[in-house]
Every structure is written in structure tokens, then in C-alpha cells.
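Chemist: Take this sequence and fold it.
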Amino acid sequence: MIEETGQIVSCEGDYAWIETERASACSSCSANKGCGTGALSKIYANRFSRVKALNQLNAAPGETVVLGLQEEALIRGSLAVYGLPLLGLFLMAMLADVLANTMAFEQADGLIAIFGITGLLLGFYLVRLFSRRISHDERYQPVILRYCDQAFEHTITGISK
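Modeler: This next block holds a predicted model:
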């Protein structure tokens, strides 16, 4: 399970909105001084993200909690978001290439581009259907696992309790 610490901002029924600080692995890399990604991470450091999580502990706003997400959910979601549009683009472009070769088109680049863009858009549509289907599936929802320990608590304001 992937875990992150955050502070509850508000509660809505069975869910809580939690602010988490965006973290970057670039600060621990030995090449971060000469790396463009390291420079960008410094510019966007100390930014916060809001996450909607299942509030099974009935935690209240202002409390610092640990939320978790199953690795499988992250992997499946990432594959859907990145893989489906790319798969659609490549498959439709290959289909257009096969059609162009069988029909002996001399200038097939435009047809391949149109089919590729259509496949990309179809992939985005499939991602939208997938996200609607899993939007209420608890396996894909972040969950509040526990309250933070007093010794290790890190709040959004940087003040420990």
C-alpha cells in the first residue's frame, strides 16, 4: 500500500478532503544540481494537493492522518490513463497504413495522421468510461488508514502538535 500524510481540510459524508504536500525524489538524487527535473522540483516545491479519501475513522477537519492507496489501483489507473490513448493512436495509425497499402495510396501520411488522432481521441474516451466506472469502487479510492503518531506528525502548516 502506498501511504501519504496529510491534513483534513473538510468532510463530506463518508469522505474527507485532505491536503498533502507534493514530494519529489529529486532532493535525494546525486545529480540534482545539474538536472532540469531537479531545478523544476525546487520551483514547485512546497505545493499542496487535495485528495478525496474514504473517511472510515470519522476523522475531523484539522487532524493529521495517513492515507493509503493500493498499488494495484495505481498501476491499473496509470496503465489506463497512459496506455489506452497510446494504444488507440498506434492501432488506428497501423490500420490506416494497412488500408493505404492495400488501396495503393501514394500520399498516405494525411490518412495515417487522421486515423492516429481518431485513435488517440477514442483512447481518451475509453479512459473517461473507465474513470466513471471506477469512481465509486472502493478498491480505487484512497482511504484514511490511521491518525499520525504525535512524534512523527507533520501538518500542512509545518507545526507539530
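Chemist: what about residue 8, how many neighbours?
Modeler: Counted by other Cβ atoms under 10 Å, the residues lying close to residue 8 total 21. C-beta: built from backbone N, CA, C; applies to glycine.
Chemist: Likewise for the one 5 residues further on?
Modeler: Neighbourhood size, residue 13 [other Cβ under 10 Å]: 6.
Chemist: With residue 144 instead?
Modeler: Neighbours of residue 144 using other Cβ under 10 Å come to 22.
Chemist: hang on, it is in a helix, isn't it?
Modeler: No. Counting by DSSP: H, G, I helix; E, B strand; the rest coil, residue 144 is not found in a helix; it is strand.
Chemist: Report the contact partners of it.
Modeler: 16, 18, 53-57, 59, 65-67 (Cβ atoms under 8 Å, 6 or more residues apart in numbering).
Chemist: what secondary structure does residue 105 sit in?
Modeler: coil.
Chemist: any idea how far the spatially closest residue to it that is not a sequence neighbour is from residue 129?
Modeler: Among residues not flanking residue 105 along the chain, residue 111 sits closest, at 6.5 Å (Cβ to Cβ, 6 or more residues apart in numbering). To residue 129, residue 111 is 27 Å away according to Cβ to Cβ, to the nearest Å.
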